[in-house]
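# no FASTA, just this:
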């Protein structure tokens, strides 16, 4: 005969449980320390070598939650203390005695026969330090002890050694019926009807009397233990039930420690243990016998009786939780739809938003949704009463007392929406061509503004041009071209919009392949796609330098008069084009897809997100969109080589001439000469005389 040793439970708590507990403590429990009903699960299908695990997850408070397949239900009680001193001073002996007494009462009343999972009750004593997100806890798995000599146990045997494959298969099928009968409760403990050579049949524990034959009864339980010679902890209370209620009817009890695992796609139960018990003497089943001694406090990581502590400050910080939640949709995209989607590259991209109005607010929202973590706003305006209904980062309160600075207000609003974003607002007037700069203090202020803008462009990877005036886009266009930054431009008409990326002069990504795309007008005319580095900028279609467009304007000319939906469309497309460029193997050097001849309908998709156009021009009156590419203009006032080199070599003195002289940029780029030659050509064509 053998001395039975039972493998104790090891508790496993999911981080989600602590998160739900935190919310309930703050919103529902408050200072109440009343016991709360929770539940856990355990499985009899773990692989060899794993401990007997009882798991508690975020569904622990939900009584209607679905159970994992073949998992066994374990009802429990949560005692949440308000202070660490209350946790430490709790009467541990009384706690486990009360928990064990519940099991004993359920045995005496017969409740465990109708709901066998009551034999697996547990108790969780805990304290949550919600300032530090430190959680102290101690599990009790109450077990009723039995008197020494009350039964004798045979050596454990394997199920496969005692029964045929057909009998075991029948047992599996009948256990599956119990599994489907009720939320992991009926198959936790069950009787097994058996006869020599007949199929094994699992049945509800309440049928134990009819299953007893000549004083012999076979029962089973879902055994979480994986040890070859030891049954799991749930058997202790099963034996206590048999001694308390079945003695006198049952003298021999065969216990099947049912283990049901799947390995390499094949279901296995033949490794389950079978232990034969012989009851020495009948034990009185009356309530007057009293509750046996209770054991079951879990040992800590040092192997001693004592509580444990988990520090979840990193994962339970609301900012961290917000980051996880924000990233969830993006990760689902990558897991299920686009395995090649590089979310890390998007998150690491630093975006500079020049303009914090209608376009700036909407662009910021879309960047945040794509997981961009660094966003800087630049604007020199203040929030006005007309802004909040169109500019989604502002509220009515931001307009009072003259209005808050737009850039700072937008950054603060973005942080309130998602504290994990790194954002700031910079109040800055961007110097513009045609806007004369007076010598002295004004010139020094402009010099500082230029230096600030240069630093901002240096610190970011993508520059968004989202300003109201055309000329305000000139200086950042030239700076970004000089510094090799990706520029995204969005501009609005009443019912039209244009979104375009500027030609990219930064280094090619490692691993990119040599391109056969066009780099000149002549090559583009042959039908080749235009290389990303040869694309035109916002000013490449102009044959005049940008000038002062703010002078002598009526009210409707001073405001951006546009259909309300246009800005949202343009802002979304500007962000989507940027992300498509980032995901393309050639990055900013990606050749521009075009809608000419409907090429965009059949073009191969190199970026995992689809086409990477140069421009998107939309016409809301006809709900039409076209993708026209264009080659950089060699006499462009914004990105041509001559302008960029003069800026790099002469610095602020070059800029000062551009600000003060309306024709300076036309002279530098050769546009003045081109105009003169065009005029001469027109004179020749219109002359009446052929003699000179």
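Alright, I've got the coordinates. Just so you know, these numbers come straight off a predicted model, no measurement behind them.
# Relative to the whole chain's centre, how far out is stretch 267-285?
48 Å (Cα atoms, centre = their mean, to the nearest Å).
# Now do the buried residues in that stretch.
Using 16 or more other Cβ atoms under 10 Å as the burial criterion, the residues of stretch 267-285 that qualify are 268, 269, 272, 273, 274, 275, 276, 277, 279, 283, 285. C-beta here means a position set from N, CA and C on the backbone, and glycine is covered the same way.
# quick one, strands of the stretch 551-692 of the chain?
615-619, 624-626 (DSSP state E, counting those that start in this stretch).
# if you average pLDDT over the last one, what comes out?
Think strand 624-626. Averaging pLDDT along strand 624-626 yields 92.
# which neighbours does it have in its sheet, and in what orientation?
Applying DSSP bridges to the sheet, strand 624-626 is found paired with strand 615-619 (antiparallel).
# which residues sit against the strand it pairs with?
For strand 615-619, contacts defined as Cβ atoms under 8 Å, 6 or more residues apart in numbering pick out 495-500, 566, 569-570, 573, 577, 624-630.
# how does it look with 6 Å?
For strand 615-619, contacts defined as Cβ atoms under 6 Å, 6 or more residues apart in numbering pick out 496, 497, 498, 499, 500, 573, 625, 626, 628.
# tell me the mean pLDDT over it?
The model assigns strand 615-619 a mean pLDDT of 94.
# Stretch 508-525 now?
63.
# Without its sequence neighbours, what residue ends up closest to residue 211?
Closest residue in space to residue 211, ignoring its immediate chain neighbours: residue 191 at 4.3 Å, by Cβ to Cβ, 6 or more residues apart in numbering.
# try residue 606
For residue 606, ignoring the flanking residues on the chain, the nearest one in space by Cβ to Cβ, 6+ apart is residue 584 at 6.0 Å.
# could the contacts of strand 615-619 go into TSV alongside neighbour count?
Listed next are these as TSV, based on neighbours: other Cβ atoms under 10 Å:
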residue	neighbour count
496	18
497	25
498	17
499	25
500	26
573	20
625	17
626	14
628	15
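# what's the closest of those residues to residue 238?
residue 573 (66.2 Å; Cβ to Cβ).
# The closest one contacts residue 499, correct?
Yes - between residue 573 and residue 499 a contact is recorded at 4.6 Å, counting by Cβ atoms under 6 Å.
# Sheet-wise, list the partners of whichever helix or strand residue 310 is part of with their directions.
Per DSSP states H and E: residue 310 is located in strand 308-311. Strand 308-311 sits in its sheet next to strand 134-144 (antiparallel), going by DSSP bridges.
# Now do the strand it pairs with: everything it contacts.
Taking contacts as Cβ under 6 Å, 6+ apart, the residues outside strand 134-144 that touch it are 9, 11, 18, 87, 96, 99-100, 103, 122-128, 233, 236-237, 240, 292, 294-298, 307, 309-311.
# Over to stretch 646-660?
With Cβ under 6 Å, 6+ apart, stretch 646-660 has contacts from 431, 433, 436, 437, 447, 478, 482, 664, 665.
# And the helices in the stretch 501-650 of the chain, which stretches?
Under the criterion DSSP state H, counting those that start in this stretch, the stretch 501-650 of the chain carries helices at the ranges 521-525, 555-558, 564-583, 641-650.
# and the longest one, what does it pack onto?
Looking back up the chat, that one is helix 564-583. helix 358-369, strand 486-492, strand 496-501 (3 or more Cβ pairs under 6 Å, 6 or more residues apart in numbering; DSSP states H and E).
# hmm, 10 Å instead?
Helix 564-583 sits against helix 343-348, helix 358-369, strand 462-465, strand 486-492, strand 496-501, strand 615-619, with contacts defined as 3 or more Cβ pairs under 10 Å, 6 or more residues apart in numbering; DSSP states H and E.
# Apart from its chain neighbours, what residue comes closest to residue 241?
Nearest one to residue 241, counting by Cβ to Cβ, 6+ apart, is residue 107 at 5.3 Å.
# Contact partners for residue 47?
Residues near residue 47 by Cβ atoms under 10 Å, 6 or more residues apart in numbering: 226, 261, 262, 263.
# what do you get if the cut-off is 8 Å, keeping everything else the same?
226, 261, 263.
# Let me know the helix or strand that the nearest residue to the last one once chain neighbours are set aside is in.
On the basis of Cβ to Cβ, 6+ apart, the spatially nearest residue to residue 263 that is not a chain neighbour turns out to be residue 47, at 7.3 Å. Counting by DSSP H and E, residue 47 is held by no secondary-structure element, helix or strand.
# Can you give me the distance of residue 47 to residue 478?
64 Å (Cβ to Cβ, to the nearest Å).
# before we move on, back to that, tell me the gap between the strand holding residue 310 and the middle of its chain.
25 Å.
# Repeat that for stretch 350-370.
Counting by Cα atoms, centre = their mean, stretch 350-370 comes out at 21 Å from the chain centroid.
# got the end-to-end distance for it?
13 Å (Cα to Cα, to the nearest Å).
# does residue 446 sit in a helix or strand, and which one?
helix 441-459.
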